[in-house]
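In: Give me a 3D structure for the following:
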Amino acid sequence: MELFIQFLHNTGYYLADYRYVLMIGVGIFFVTLAIAKNYEPLLLLPIGFGIIVGNIPFFKGFGLGIYENNSVLHYLYFGVRTGLYPSIVFLGLGAMTDFSSLLAWPKLMLLGAAAQMGIYFTLLSALALGFLPKEAASIAIIGGADGPTSIFLTAKLAPHLIGPIAIAAYSYMALIPIIQPPIIKLLTTKKERLIHMPEEKRTVTRKELLAFPVAGVILCCFLAPASIPLLGPFFFGNIMKVSGVVDRLAKTASTAIIDTATIFLGFTVGASTQADVFLTPKSVLIFCLGAIAFSLATASGVLFAKIMNLFLKEKINPMLGAAGVSAVPGSAREVHLLGQKEDPSNYLLMYGMACNASGVIGSAICAGILWSFNVG
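Out: Sure thing, here's the model as predicted:
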């Protein structure tokens, strides 16, 4: 009987309290959104299940939890803590990205840059609320709507905040269909939403596609050397794709490698939300600031597109500014769907993807700048 009682005391049922139950509920909610609603399942399913696994209570000292040295989860979490997984993801993203639309309409790069303003507004807000500079920089990057970039920068500046920042970043990426449409409709008129973009684009030559990743890595990384771990693999993946001489490597980078990194990244980020570490007032505040950051980024892109239209003869549909965040391809797809609702003959997807690609580069540069200002 004594052994039986000791066994009961070591079960998760006995060790659980309301915090673990709450977090498991969050994990189930994420899994439900991924399966039932098809909201970014590649992100929410591994994260949601990771949250469930990470919040099963256990007795300390056996090397079970993600924060215990020598545990399996701790070793898998190494790729998050060091920024390894985000760099691998960027390699795969580069191998998947087609820059032809962006090169055909280079002015759309400005929308990707404008959407990063949400990062800097949120940085000032976080500093005003008493966060340390490194913490504020890590929170602000959520405005880029780029999960890997958020994780990478937080791992370098504020590793104790990886859990809440990563969950916030990926949550808002998955909830794009809920967050972005009201902001876009608030800031645009029906007439603006009906603007058609040209159906034909300039033919982009192979030489341009080959020159872009080389020029891109030089220009961007000279500007922000701290972005090398993200943009180096990103542009390398892209030149593998467009070169046509290493198709096997490009295919592997865009499938098996990025898929493997995404699995471990999502699962371990979810598992890092261990209730006794994760549930703090600071985490709640980070979620609120993250929502503000993402909303401001969306609004900045839309408003900048409206400003550009004051000077352009050929008007831009201002909804494309919302695709300037680097949530690939979620925000581009949402802009396209909104355009289709207004006018089924209006096709904005390829333009949205051009803004998205610019946003990926822009958020990585912002992360490099923020890191360089917070060294030491």
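In: Low-confidence regions, this protein specifically.
Out: 9, 374-376 (pLDDT under 70).
In: Look up phi and psi at the residue most central in space within it.
Out: Most central in the chain under CA atoms, centre = their mean is residue 146, positioned 2.0 Å from the mean C-alpha point. Per-residue torsions, residue 146: phi -130, psi 100 (degrees, to the nearest 10).
In: can you check residue 326 too?
Out: phi -100, psi 30.
In: pretty sure it contacts residue 143?
Out: No: Residue 326 lies out of contact with residue 143 (CB atoms under 8 Å); the separation is 10.1 Å. Just so you know, the C-beta spots here come from the backbone N, C-alpha and C atoms, and that holds for glycine as well.
In: who has more neighbours, these two?
Out: More neighbours surround residue 143 than the other of residue 326 and residue 143, with 33 against 30 (other CB atoms under 10 Å).
In: contacting residues around that one?
Out: The contact partners of residue 143, by CB atoms under 8 Å, 6 or more residues apart in numbering, come to 116, 118, 119, 121, 122, 290, 293, 294, 296, 297, 325.
In: Please, which helix or strand holds the fourth one?
Out: Assigned by DSSP states H and E, residue 121 belongs to helix 117-128.
In: mind exporting stretch 142-149 as PDB, just the C-alpha atoms?
Out: Output of stretch 142-149 as PDB, limited to C-alpha atoms (Å, rounded to 0.1, in the frame of the first residue of the first chain):
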ATOM      1  CA  ILE A 142       6.600  40.000 -33.300                       C
ATOM      2  CA  GLY A 143       5.400  42.800 -35.400                       C
ATOM      3  CA  GLY A 144       7.200  41.300 -38.400                       C
ATOM      4  CA  ALA A 145       4.800  38.400 -38.200                       C
ATOM      5  CA  ASP A 146       7.800  36.000 -38.700                       C
ATOM      6  CA  GLY A 147       8.000  33.200 -36.200                       C
ATOM      7  CA  PRO A 148      11.600  32.000 -37.000                       C
ATOM      8  CA  THR A 149      12.900  35.600 -36.900                       C
END
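In: For that stretch, buried residues please.
Out: Going by neighbour count (16 or more other CB atoms under 10 Å), the buried part of stretch 142-149 is 142, 143, 144, 145, 146, 147, 148, 149.
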